[in-house]
Every structure is written in C-alpha cells, then in structure tokens.
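> Got a sequence here, can you build the structure:
(chains A and B)
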Amino acid sequence: MDFTLTADQEALRGTIVKFSRECLNGDMIVRDREQAFSRDRWKACGTMGLQGLPVPESLGGGGFDPLTTAIALDAFGYGCTDNGLVFSVCAHLLSCVVPMWRFGSEEQQAKFLPGLCDGTLVGVHAITEPDSGSDSFAMRTKAARDGEGWRINGTKTFISNGPEADVIIVFALTDAAKGYHGGVTAFLLENGTPGFTASRKIEKMGLRTSPFGELSFDDVWVPERAIVGALGGGSAIFTHAMDWERTCLFAAHVGQMERILERGVYYARTRKQFGKSISKFQGVSHKLADFKVQLEAARLLTYRAATKLDKTRGVALDASMAKLFVSESLVRGALDVLQIFAGYGYATEYEIEREVRDAIGSRIYSGTSDMQRNTIAAWMGL
Amino acid sequence: MSEPIAATVKAYILDAFLPGADAAELTDDTPLISEGILDSLATVRLVTFLEEHYNIEVAAYEANADNLDSITLIANLVRAKLPV
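The predicted structure is shown next:
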C-alpha cells in the first residue's frame, strides 16, 4: 500500500501544522498547571474544520475520506503541543460527531451537526460508569419508558469533555435482560435538560487541559426522537465509535510521537557531554533509532486501519492493533526521550515531562492495552 | 441439515468460536447468546463474516438476540437480506 500524500493532503497537513503552531500552543505550562480548557482555541479549531473532518459538507463538515481524516489529525497531533486540546477535539469528533453522522436521524443531524462541526458546540460520549469501565455493557444507567418518551437515571464517570458538554450521547439500559445484544440504547440530549448535571470535575495526571468529569442523570426525561439510531442499537453505535477513535485519535498520537522524536533528536545532537555530542553514544542513538522505527510502523498501521473504516466491519481488528501499538510506542518513546533529556526532561519548563504525563492515558482510554490484546486474540480465534 | 445458509453459518461458528467442539452438539436451535458462544467480540466477528460472505448489511439494531441467538435465526436474517 502506498501512503504517499497527495498534493491536497500535503497542503492540508501543512495548513493544520501552521495553524496549530501559530494559534494553539501559547502558555502551555500555565494552562496545564491550571487545567484550563480554552473555549477560544476550541472555536478556532472549529473554524479550521477539525471538529467535522469526515462529515459530509452538506451536513456542515469537511467531507474528507477516513484516510485524509487520519492524515489531518496526524498533523494536528504533530503541530499542537496542547495534547489535551487535541484529545478533546478528537474525542468530540470521533465518539460524538461521527456516531451522530452515521446513526442520527435527519432531525438530529440538522439540529446539531453544524454546531458540532464548526466549534460552537462541545459533544460528549457518555458510557463509562463507576462500576463499568472495560466491562462497559455492565452499566447501571437505565432508561424506562415514560409516556411518549424515556426517563433516564444513572451516573457516568471519566467522561471526556463532560464539564463543558453542550450535546451528550448517553448509553442506557432499555432492556437489562438483553444486555449487549439489543438491550442498550443511545440517547441524545442537550445541556440544560432538567435533571441533567455535569456534577464533578475530575483532576488527572495528564491531558489536563481536556475537561474530564462525571455526569448525573436524575429522572431525565427525553422524547422518543432522542434515540440515536434505533431502540437497542447502542452496542453497534459504541463499536463504530471505537473503531474510529482507535484509528483516528491514535493518528493524532502518531503526530505527537513525531514531535517528541524530533525534540529528542535535536537535543541529542546539540547536547555535549564528555567532549562530544551525546548522539554519538549508542545508549542514546539506539533509543532514538528504535523510536523512529516505531513511529513509522505506527503510522502505517494507523493509516491502513483508516483505509478500512468505511469499508468493512472487520476494521475492528486493525483498529485494535493500531491503538495498542501506537499507545505503547508513544509511552515508551516519550519515556526514552525524557531519559535522554535527563534532568532537563524531568523539569517542567522543558515540557518533556508533560509529554510523558499526557502519553500515559493513551494506554487506558478507548479500551485499555489489555482489552486490545483480548480483542486481537479473539479475532485470531484464541 | 440440508439448508446451505445454515450449514455455512454453523461451519463458521464451529471454526471461529468452538474449535475442537463436537459439531453434533451445535444444533440449529442452540441458544448462542445465553450459552455464551456469542459474546460482544464474537458478535462483531460473526456480523463481519455475514456481511462479507453474503454481501449484505446488518443494521445496528439488527445485531441482537432476536436475530442472532441461533443458527436458524441467523439464517433467516441472511435470507431476508439476499436478493430474491
């Protein structure tokens, strides 16, 4: 497979990298320390089209194919040092916007997609609960029929963008006996719906500029038309969102890997110890060589998965492999570069330690590395 | 069993999810979901197989117990989607 970028893809990549460097990267140390989500930067990303990349232009998006979407997010991850902002945009796009595009009704799409794509609205995907993380379909949030609609009760936690949510896709049990197989339904609601609250912000180790928290649903009533897709169709919507997230969010991480590697190479070439550049010590150069191999392999795995996103449900295996490899490589590479920077890597002002803190979460969200290994093994018939 | 769709589906399930199992123990009416043969990952694999092998599309709301809980039900789903 030849992933040489077309002229249009090169131009798109260049535009996004330039925009990111010029508009998004200021005051990172302070914003990270203060866990400051920047709505202005979010809106700027919307103006660039990042929140709607693959959505058809008729619905307010960019109309890009999945591979070009991955290339664009790779560029975003490379150019933008605000990894939390990159994560928030990707979570919004891949687990809220894409499901609404692929499964939403015409009414839902017309009402919400333009604002979700242009940066006006922040979208959220609410499935995880205090007692159901990896085992996401062991959820307790329930939706019971009530007149011409449904009444939702429960709590969701570790919700990316939760504290800033304008539009929420929430997964609830509509038939506990069926569970995964037709018992979970996705509902769409807006912030301000009576009974809904973004109840608690959660502080975290990394991606600190990406809002994160709990959502409470206390007798929230929604009409029948709030169902996304169909009654009982929640598992397919979740699976589809995860295919996109494991592919395209991790494309952004490939870009992040490239940026971290470049910093490592520059530092190794310019830092002198014992009378010579530390790049001449194999203990240093071999780490960077390994990181380079992992970067290129990560990009190939991710781009290959992206080409299958709109072609086959079997992309689930490619997406899992890409996610596992990219996340593990990102963490390992970031730690190696921190080691190369030594004391400077450990100090906040050089912004390497933040890359490590931001990278760690990638082994957890979108399904942990352990769950990805389970998925890959299952596809192999093990 | 002479019905070809059911036979194909049975062969796939045995190969993919029940390696080494006695084929005679898997009947057309064995409840695949409640007996744990089709968990979430197996369901995705099965639906992928049906879509690619028969060139059909299984909608999000169709991947449920009503359509997938036995070989008979799966064969009915496939048959309903094939051109007449």
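
> The helix or strand containing A:H286: how far from the chain's middle?
Element membership of A:H286, judged by DSSP states H and E, is helix A:282-308. Taking C-alpha atoms, centre = their mean, to the nearest Å, one finds helix A:282-308 lying 20 Å from the centre of the chain it belongs to.

> go on, stretch A:39-59?
Computed by C-alpha atoms, centre = their mean, the chain-centroid distance of stretch A:39-59 equals 15 Å.

> List the contacts of A:L73.
With contacts defined as C-beta atoms under 8 Å, 6 or more residues apart in numbering or on different chains, A:L73 is in contact with A:50, A:53, A:86, A:90, A:248-249, A:251-252, A:255. Backbone N, C-alpha and C define where each C-beta goes, glycine included.

> Near chain B, which residues of chain A are found?
Within chain A, the positions adjacent to chain B are A:103, A:137, A:178, A:180-182, A:229-233, A:235-237, A:239-240, A:312-314, A:316, A:374-375, A:378-379, A:381 by C-beta under 8 Å from any C-beta of the partner chain.

> Of the residues you listed, grab the buried ones for PyMOL.
Here is the PyMOL selection string for the buried members of the residues of chain A next to chain B, based on 16 or more other C-beta atoms under 10 Å in any protein chain shown:
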select buried, chain A and resi 103+137+178+180+181+182+229+230+231+232+233+235+236+237+239+240+313+314+316+374+375+378+379
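
> Out of the residues of chain A next to chain B, which sit inside helices?
Using DSSP state H, the members of the residues of chain A next to chain B that fall within helices are A:103, A:235-237, A:239-240, A:316, A:374-375, A:378-379.

> so what's the backbone phi/psi at residue 54?
I'll assume chain A. When quoted as degrees, to the nearest 10, the phi and psi of A:P54 stand at phi -90, psi 0.

> what residues go with each domain of chain A?
A:7-122, A:124-234, A:242-379 (automatic domain parsing).

> okay if I get those as TSV plus distance to B:T43 and mean pLDDT?
Compiled in TSV, these are given as follows (distance: least, C-beta to C-beta, whole Å; pLDDT from 0 to 100):
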stretch	distance to B:T43	mean pLDDT
domain A:7-122	17	98
domain A:124-234	7	97
domain A:242-379	10	97
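
> and of these, who's closest to B:Y54?
Proximity to B:Y54 (C-beta to C-beta) singles out domain A:242-379 among the domains of chain A, at 12.9 Å.

> Start and end of the closest one, how far apart?
Its start and end residues considered, domain A:242-379 measures 16 Å (C-alpha to C-alpha, to the nearest Å).

> now that domain, how far from the centre of its chain.
Counting by C-alpha atoms, centre = their mean, domain A:242-379 comes out at 15 Å from the chain centroid.

> Okay, and A:S329 sits in which element?
helix A:315-341.

> after that helix comes which helix or strand?
Downstream of helix A:315-341, the next assigned helix or strand under DSSP H and E is helix A:343-346.

> Quick check: next helix or strand after that next one?
helix A:353-360.

> Which strand or helix spans the closest residue to A:A306 other than its chain neighbours?
Sequence neighbours aside, A:A70 is the residue nearest to A:A306 in space, at 3.9 Å (criterion: C-beta to C-beta, 6 or more residues apart in numbering or on different chains). Element membership for A:A70, per DSSP H and E: helix A:66-79.

> Please compute how far that helix lies from its chain's middle.
Computed by C-alpha atoms, centre = their mean, the separation of helix A:66-79 from the middle of its chain amounts to 12 Å.

> and the residue of chain B found nearest chain A, how many residues sit next to it?
Per C-beta to the nearest C-beta, B:N64 is where chain B lies closest to chain A, at 2.8 Å. Applying other C-beta atoms under 10 Å in any protein chain shown, we find 23 residues neighbouring B:N64.

> now A:D118
Per other C-beta under 10 Å, the neighbour tally for A:D118 reads 18.

> For it, give me its contacts.
Applying C-beta under 8 Å, 6+ apart to A:D118 gives the contacts A:46-47, A:51-52, A:60.

> rerun that using 6 Å as the cut-off
A:D118 sits next to A:G46 when contact means C-beta atoms under 6 Å, 6 or more residues apart in numbering or on different chains.

> show me the contacts for the residue in the stretch 151-300 of chain A that chain B sits nearest to.
Relative to chain B, the nearest point of the stretch 151-300 of chain A is A:G182 (2.8 Å; C-beta to the nearest C-beta). When contacts are counted by C-beta under 6 Å, 6+ apart, A:G182 touches A:232, B:64-65.

> Now the residues you listed in TSV, please, with extra columns for distance to A:D2.
Below are these laid out as TSV (distance: C-beta to C-beta, whole Å):
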residue	distance to A:D2
A:G232	42
B:N64	40
B:A65	44
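
> any low-confidence regions in chain B?
Across chain B, the ranges flagged by pLDDT under 70 are B:1-2.

> Can you name the residues of it sitting close to chain A?
Residues of chain B lying close to chain A by C-beta under 6 Å from any C-beta of the partner chain are B:16, B:33, B:40-41, B:44, B:47-48, B:51, B:60-61, B:63-65.

> what's the most distant pair in those?
B:A16 and B:Y61 (23.4 Å).

> Those two: who's more crowded?
B:Y61 (21 against 16).

> Next, please give the residue ranges for the helices of the stretch 151-300 of chain A.
In the stretch 151-300 of chain A, the helices defined using DSSP state H, counting those that start in this stretch lie at A:234-244, A:250-270, A:282-308.

> what's the closest non-adjacent residue to A:R21?
In space, A:R21 is closest to A:G79, 5.2 Å off (C-beta to C-beta, 6+ apart).

> Please verify my assumption that the one you found contacts A:V17.
Yes. A:G79 is in contact with A:V17 according to C-beta atoms under 6 Å; the separation is 3.7 Å.

> if you count what's nearby, which of these two comes out ahead?
Set A:G79 next to A:V17 and count neighbours by other C-beta under 10 Å: A:G79 wins out with 23 against 19.

> gap between the more buried one and chain B?
Plainly put, A:G79 is 34 Å away from chain B if you go by C-beta to the nearest C-beta, to the nearest Å.

> Just list the residues touching that residue, thanks.
With C-beta under 6 Å, 6+ apart, A:G79 has these contacts: A:17, A:20-21.

> Among these, which ones are in helices?
Judged by DSSP H, helices contain the following of the contacts of A:G79: A:17, A:20-21.

> What is the nearest of the residues you listed to A:D166?
Taking those together and measuring to A:D166 by C-beta to C-beta, the closest member is A:S20, at 23.4 Å.

> okay, now the closest one: neighbour count?
26.

> about what we covered before: now do the helix holding A:H286 and helix A:234-244, the angle between them.
Going by axes from the mean of the first three to the mean of the last three C-alpha atoms, to 10 degrees, helix A:282-308 is angled at 130 degrees with respect to helix A:234-244.

> Report all helices and strands that helix A:282-308 contacts.
helix A:66-79, helix A:250-270, helix A:315-341 (3 or more C-beta pairs under 6 Å, 6 or more residues apart in numbering or on different chains; DSSP states H and E).

> Show me what counts as buried in it.
So for helix A:282-308, counting by 16+ other C-beta under 10 Å, buried means A:284-285, A:287-288, A:291-292, A:294-295, A:298-299, A:301-308.

> same question, stretch A:61-71
A:61-62, A:64, A:66-71.
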